[in-house]
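Q: Quick check, what structure comes out for this input:
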Amino acid sequence: MITKDTRILVTGCGGMLGEAIYSSFSRICVVKATDIDVNKEWISYLDVRDYQSVKREIIEFKPTVIFHLAALTDLEYCEQNSNEAYRTNAIGTENIALLCKEYNILAIHISTAGIFDGKQDVYNDYDCPNPINYYGKSKYAGEVFFKSHLEKYFIFRPGWMMGGGPEKDKKFVKKIIDQINSGKKELFVVLDKLGTPTYTYDFAKNMLEVINSSFFGIYNMVCKGEGSRYDVAREILKILNLEKRIKLTKVDSDFFKKEYFAPRPYSEKLSPLKLKLRGLYKMRNWKVCLEEYLSKYHWLK
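A: Next comes the predicted model:
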């Protein structure tokens, strides 16, 4: 249960999800945000790969909960630097789990839809992971360690993340906006990659609901609805009233194979089955969330 006396240490808080986590939870309890990229005044430096540094931080701050967000998420970088992917996404996660066990801290790990191979159309919480790239493999290694070493934990798996705003968004929404701002009049977007978009603020809100329930375990947590990358791009143009000014052209993944060479699952669609069965599913439709997200910031030049 999260109360005003809860002390939360957040790793990797400088990214898209960290912004929503800090904004949501710092209103109701004590939060210390950390990252190796100290890009805001409310973030302090912490490298989860350094066991002793994390231990010192825990001894000093005395958290009752750790939100472990820190990860290498660039698929191409992970594919070319597999040791670094494992050092951050596996060893960093092992460090958190070991120290949470030693100091009796509730551990919360953010995983990914990328741990599945994409051979199914949709994956629920109970389906067996089979990652096909080093990003997915290193993230799944972290999941496995959490499950095998901790009795009480939460693992949350988001889908295609939306959030962070123009400064922190490094994912698909920002990439489409960047092309628009560069003056592109035609956008080439893949139709053969499917997923479940996930808004960071809905994700943070639903996390609180699940944590307060004390039903520990692994949860797929994504917005309602699904779609292809093309569907998301089309919705962005619709929301920004650019449908008639910018042409959207469907392509397959081979069109971008030089730039995005890491293997990617055909489908990363997640079903939030456990959340629904426990009556804890509070996420909104991704199109509603995308409209809210785009309306929060000034995106177009």
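
Q: show me where the protein has helices.
A: All helices of the chain, identified by DSSP state H, fall at 16-25, 51-61, 75-80, 82-86, 92-102, 134-149, 165-168, 172-181, 200-213, 229-239, 273-277, 286-295.

Q: do you know which of the ones you listed lies nearest Tyr45?
A: Of all the helices of the chain, the one in closest proximity to Tyr45, counting by CB to CB, is helix 51-61 (8.8 Å). The C-beta positions use only the backbone N, C-alpha and C, and glycine is treated the same way.

Q: and Phe188, what is it in contact with?
A: Taking CB atoms under 8 Å, 6 or more residues apart in numbering, we find Phe188 in contact with Thr249, Val251, Phe255.

Q: Redo those residues as CSV? Include distance to Lys301, neighbour count and pLDDT.
A: Supplementary listing: these in CSV, determined by distance: CB to CB, whole Å; neighbours: other CB atoms under 10 Å; pLDDT from 0 to 100:
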residue, distance to Lys301, neighbour count, pLDDT
Thr249, 22, 12, 98
Val251, 25, 15, 97
Phe255, 26, 15, 95
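
Q: can the residues you listed go into TSV with extra columns for distance to Thr93?
A: TSV is the format used below for these (distance: CB to CB, whole Å):
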residue	distance to Thr93
Thr249	39
Val251	35
Phe255	34
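
Q: Of those residues, which is the nearest to Asn89?
A: Distance to Asn89, by CB to CB, is smallest for Phe255 among these, at 28.3 Å.

Q: in the sheet, who's paired with the closest residue in space to the closest one that isn't next to it in sequence?
A: Counting by CB to CB, 6 or more residues apart in numbering, the nearest residue to Phe255 once its immediate chain neighbours are dropped is Phe188, at 6.0 Å. Following DSSP bridges, Phe188 is listed with bridge partners Thr249.

Q: Contact partners for the closest residue to Ala233 other than its chain neighbours?
A: Of all residues beyond its chain neighbours, the one nearest Ala233 is Val189 (4.3 Å), with distances taken as CB to CB, 6+ apart. If a contact means CB under 8 Å, 6+ apart, then Val189 has Ile176, Arg229, Tyr230, Ala233, Leu248, Thr249, Lys250, Val251 as its contacts.
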